[in-house]
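Trainee: I would like the atomic coordinates for the input below:
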Amino acid sequence: MAVTVSYDQDSRMIISGVDCDCPCEHHDIGKDIYIGKGLIARVPEYIRKRNLGTHCVLVADDNTYRVAGADVEKALLDAGFSVIPCVIHREHDMLPDDQSCGEVLLSIMRDTEFLIAVGSGSVTDTTRINAERTGLPFVSVGTAPSMDGYASAVAPLLHRGLKIQRPAKCPDIIVCDLDVLATAPMHMIASGVGDVLGKYIAKADWQLGEIINGEPCCPVCVQMVTDAVNALVDNVDEIAAKSEKGMRILIEALLLAGVTIMIIDNTRAVASIEHNIAQYWEMMLVQRGVEPPMHGASVGVATLLVWPFYEKFAGEDLSKLDLDDIRARRMDHETRRRWMAHAYGEDGSKQIMRENPGDFLTWEEQERLIRTAQDRFEEIKAVIAAMPPLEKIKEVMVKLGAEMTPEEEHIPDEMLRCSMWCGKDYRTRYTIMKLIDECGLLGDYLTDYPYEFEGKKL
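Mentor: Numbering: from 1, shown residues only. Below is the predicted model:
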């Protein structure tokens, strides 16, 4: 049965056809997702349907409070709710960092019954982790179709300048008012599109993980992501016009991506090497005191950077690999430890390696993976052949005026070159870059990104 999306009379999304018997552990969606026009006034009604209580903390930043937060607060107060506003003030864009998380935590009182986030990525993730830590339910009111995290159960956060992923709470209620979303500036809409386009990469890498490592891959989640991103690509003109149809297609794509996280309790279907690279830029820029680009915009740029590697790998002749040469050139454990400290900083590298203990392969394991790739290369090529042409992806981004190069994102050249080499090391998750590296080919693919480590060219 195919996955289908419909709506009831209350604008509540109904997702059918998600039953699956694949080896992945599946979780019930069990959340209320509302998409429609004029929904801000109905937020109190939706909350009462879930019996979340009447005492809440409303989290927003300066921009999102102006766009929708004040209206949500008024609707709640008029309906008899008790609201503590936690409006986070920043000179620049708010980040989901230690300080923001702490401000929300200190706004929560003993009688607080639920949290309500009015915003997009940073506001939602800051609220999400506090909901997880306090055990409180929370409501998400979206203000921009700029990222896929509304329905997520994972919080990407900045802890001491390092981008970390923490299990967190999915909203009990998500409200996306199309009138509010349409007020988002075009660069935020382009950011959301960039985040969605990266799903082509995430899908391909997940399927590669299944082929090479026997990793369970959920066909329902793959279909949901594929259908959502295809619908976006086919309706880019509507999105560029900010029409009701365009805003619905974009926010549906972003929410359905998040729903896959809800179903399998991880981000495998929606984030891979393109996210690793984008998150590296964000971490390094924040550590330098520089405001990073929008997350989805960076994902879109990173997607364009890595896409050609899939096409090139499909043309390889893996039978010609020299395993003795690959073994002689591979990085030993101690050198890799120093490399991680160089790329991510001493504290960051320790945390990454602690959270990904299986990421350093023995030679025996690496050889097994190489031989699997050789034996199943036709399947690998089929995965890559299913990706749309890169030019089609570029056309979508051009129509939206999206940033398409690291230069437009103000990524320093040395940071860019390092990210292309170390992005594969951010987490154990299998990616095309890991496969290329295991086959001893990474240097051939990164000739445009020369980088020296310990006085030697990588």
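
Trainee: Quick check: phi and psi at the residue of the chain most remote from its centre.
Mentor: What lies farthest from the middle of the chain is D324; by CA atoms, centre = their mean that is 37.6 Å. Dihedral angles of D324 (phi, psi; degrees, to the nearest 10) stand at phi -60, psi -40.

Trainee: Quick one: the strands in the stretch 1-150 of the chain, in order.
Mentor: 4-7, 13-16, 32-36, 55-61, 82-88, 114-119, 138-142 (DSSP state E, counting those that start in this stretch).

Trainee: list the contacts for the closest residue to V383 other than its chain neighbours?
Mentor: Nearest residue to V383 in three dimensions, chain neighbours excluded: Q207, at 4.6 Å (CB to CB, 6 or more residues apart in numbering). C-beta coordinates here come from the backbone N, C-alpha and C atoms, glycine included. Residues near Q207 by CB atoms under 8 Å, 6 or more residues apart in numbering: C217, V222, V383.

Trainee: Which SSE is immediately downstream of the helix or strand hosting Q207?
Mentor: Q207 belongs to helix 199-213 when assigned by DSSP states H and E. For helix 199-213, the succeeding helix or strand toward the C-terminus, using DSSP H and E, is helix 219-234.

Trainee: buried stuff in that next one?
Mentor: Under the neighbour-count criterion of 16 or more other CB atoms under 10 Å, helix 219-234 has 220-229, 231-233 buried.

Trainee: for it, packing partners?
Mentor: The contact analysis (3 or more CB pairs under 8 Å, 6 or more residues apart in numbering; DSSP states H and E) places helix 219-234 against helix 186-197, helix 199-213, helix 244-264, helix 390-399.

Trainee: Spit out the contact partners of K74.
Mentor: No contacts exist for K74 under CB under 8 Å, 6+ apart.

Trainee: ok, now the one 4 residues further on?
Mentor: For D78, the contact set (CB under 8 Å, 6+ apart) comprises P44.

Trainee: one more time with 10 Å, if that's ok
Mentor: Neighbour list for D78: A41, P44 [criterion: CB atoms under 10 Å, 6 or more residues apart in numbering].

Trainee: And it, how close does it get to L162?
Mentor: 42 Å (CB to CB, to the nearest Å).

Trainee: burial count for I370?
Mentor: 20 (other CB atoms under 10 Å).

Trainee: For it, pull up the helix or strand it's in.
Mentor: helix 363-375.

Trainee: which other helices and strands contact the next helix or strand after that helix?
Mentor: Later in the chain than helix 363-375, the nearest helix or strand by DSSP H and E is helix 377-385. On a contact count with 3 or more CB pairs under 10 Å, 6 or more residues apart in numbering; DSSP states H and E, helix 377-385 meets helix 199-213, helix 295-313, helix 363-375, helix 432-438.

Trainee: Any chance of JSON lines for the strands of the stretch 1-150 of the chain, columns mean pLDDT, distance to F377 and mean neighbour count?
Mentor: Shown next, in JSON lines, are these (pLDDT from 0 to 100; distance: least, CB to CB, whole Å; neighbours: other CB atoms under 10 Å):
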{"stretch": "strand 4-7", "mean pLDDT": "92", "distance to F377": "35", "mean neighbour count": "13"}
{"stretch": "strand 13-16", "mean pLDDT": "92", "distance to F377": "36", "mean neighbour count": "15"}
{"stretch": "strand 32-36", "mean pLDDT": "97", "distance to F377": "41", "mean neighbour count": "21"}
{"stretch": "strand 55-61", "mean pLDDT": "98", "distance to F377": "49", "mean neighbour count": "25"}
{"stretch": "strand 82-88", "mean pLDDT": "98", "distance to F377": "50", "mean neighbour count": "18"}
{"stretch": "strand 114-119", "mean pLDDT": "97", "distance to F377": "45", "mean neighbour count": "28"}
{"stretch": "strand 138-142", "mean pLDDT": "97", "distance to F377": "43", "mean neighbour count": "29"}
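
Trainee: what about those strands, which gets the closest to L158?
Mentor: strand 82-88 (13.8 Å; CB to CB).

Trainee: How confident was the prediction at I29?
Mentor: Looking at I29, its pLDDT is 85.

Trainee: er, M1 actually
Mentor: At M1, the model reports a pLDDT of 54.

Trainee: Also K399?
Mentor: At K399, pLDDT is 96.

Trainee: ok, it to A341 distance?
Mentor: 42 Å.

Trainee: Excluding residues flanking it in the chain, which one is nearest R50?
Mentor: The spatial neighbour of R50 that comes closest, neighbours along the chain excluded (CB to CB, 6+ apart), is D172 at 5.5 Å.

Trainee: scratch that, G194 is what I was asking about
Mentor: G194's closest residue in space is G300 (CB to CB, 6+ apart), at 2.4 Å.
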